[in-house]
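In: just to be clear, the model below is a prediction. Sequence and coordinates:
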Amino acid sequence: MRCNLCPRQCGALRTETAGEGRCRMPGVPVVARAALHMWEEPPISGTNGSGTVFFSGCSLGCVFCQNHRISQEDFGRPVTVERLREICCELIGQGAHNVNLVNPTHFVPAILDALALYRPPVPIVYNTSGYERVEILRQLEGAVDIYLPDLKYLDGETAGRYSGAPDYPEAAQAAIREMVRQTGPYELGPDGLLRRGVIVRHLILPGRVNEAKAVMDWVAETFPAGTGLFSLMRQYVPQGRAAEFPEIDRKLRASEARTAAEYMENLGLEGFVQEGAAADSGYIPPFDLTGVE
């Protein structure tokens, strides 16, 4: 196929064995890990864990990506649509509260094919960088129950410097609006687990608390209370190519995290503030083909 799935719309050729686009992936899904994951937001992980499927490759390419081994070094194993369906079944058999598709943007057609073969009895989570095309998201309406998008930047210059995508702010804002339109107000079950809705995530970057505030302002102004949830993430650890960018080649200071959390509280945003202990490379999952083969 000639691919235009993400906002780059590069038109690259993607066959069953190779891909020429920015994501570098073939047309078939490439998976690096499929396992229960306890480190998502509480209504996603619950007590049993979220059934995460980590896809390889990425159309965005953040210089600080904590999953750089799979997003930029392309570690993973190609699987058939039928095998992807089996992986979902296996995760549910392990007690997963949901099926959490991590970085799925460039494999949407295969994901839709897998869901056509088998509709899991638990919510489907679309866990994304936020760099999405509205036209592609509309194909997912009815197939996805929960959207878990990042809103990394609202400044095009910053997005260009760290992700090579100066159009990221506009693309992500439009995508998140479409996600909320599809799901409507969030719904929690009696067990406290999220059944439907959107959680917007923002990772605080070193020295950029004001940009985190701008993101929170946009979320508060755009979505009325009860519409969606917000997750303030403090897990930044220099990874990938962060050493090439001295201003972000450090961990987040406690004062930066505290200032952002206080701002979120004062805005009255519903959601979650990640614990500071998450800022440790030990929280990065081992990408070793667990659950894939």
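Out: Looks like it came in fine.
In: so Arg208 touches Glu157, yeah?
Out: No: the criterion here is CB atoms under 8 Å, and Arg208 misses it with Glu157 at 11.8 Å. Bear in mind the C-beta positions are built from the backbone N, C-alpha and C, glycine included.
In: the two: which is more packed in?
Out: Neighbour totals were compared for Arg208 and Glu157, and Arg208 leads with 22 against 10 (other CB atoms under 10 Å).
In: gap between the more buried one and Met179?
Out: 24 Å (CB to CB, to the nearest Å).
In: now swap in Glu187 and tell me
Out: 14 Å.
In: which of those two has more residues huddled nearby?
Out: Ranked by neighbour count (other CB under 10 Å), Glu187 and Met179 place Met179 first, with 27 against 14.
In: the closest residue to that one other than its chain neighbours: neighbour count?
Out: Using CB to CB, 6 or more residues apart in numbering and skipping the chain neighbours, the partner closest in space to Met179 is Tyr147 (3.9 Å). Using other CB under 10 Å, Tyr147 has 27 other residues around it.
In: hang on, Tyr147 packs against Val198?
Out: Yes: Tyr147 lies in contact with Val198 (CB under 8 Å); the separation is 4.6 Å.
In: who touches both of these two?
Out: Ile176, Met179, Val180, Thr183 (CB atoms under 8 Å, 6 or more residues apart in numbering).
In: pLDDT added to the residues you listed, as CSV?
Out: Formatted as CSV, the shared contacts of Tyr147 and Val198 follow (pLDDT from 0 to 100):
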residue, pLDDT
Ile176, 98
Met179, 98
Val180, 97
Thr183, 97
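In: what pLDDT does Gly226 get?
Out: For Gly226, the pLDDT comes out at 88.
In: for the helix ranked longest in the chain, buried residues please.
Out: Taking DSSP state H as the assignment, the helix of the chain that covers the most residues is helix 168-183. Buried residues in helix 168-183, counted by 16 or more other CB atoms under 10 Å: Tyr168, Pro169, Ala171, Ala172, Ala174, Ala175, Ile176, Glu178, Met179, Val180, Gln182, Thr183.
In: and what about Gln139, helix, strand or coil?
Out: Recorded secondary structure, Gln139: helix (DSSP: H, G, I helix; E, B strand; the rest coil).
In: burial measure for it, as a count.
Out: 15.
In: my read is that it contacts Leu112, right?
Out: Yes: using CB under 8 Å, Gln139 makes contact with Leu112 at a distance of 6.7 Å.
In: list residues touching both of the two?
Out: With CB under 8 Å, 6+ apart, Gln139 and Leu112 have no common neighbours.
In: show me where this protein has strands.
Out: Secondary structure of the chain (DSSP state E): strands at 2-3, 12-13, 30-37, 50-55, 77-78, 99-102, 124-128, 146-149, 187-188, 194-203, 229-233, 271-273.
In: redo the buried residues of helix 168-183 as TSV? Include distance to Trp39.
Out: Shown next, in TSV, are the buried residues of helix 168-183 (distance: CB to CB, whole Å):
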residue	distance to Trp39
Tyr168	25
Pro169	27
Ala171	27
Ala172	23
Ala174	29
Ala175	24
Ile176	22
Glu178	27
Met179	22
Val180	24
Gln182	26
Thr183	23
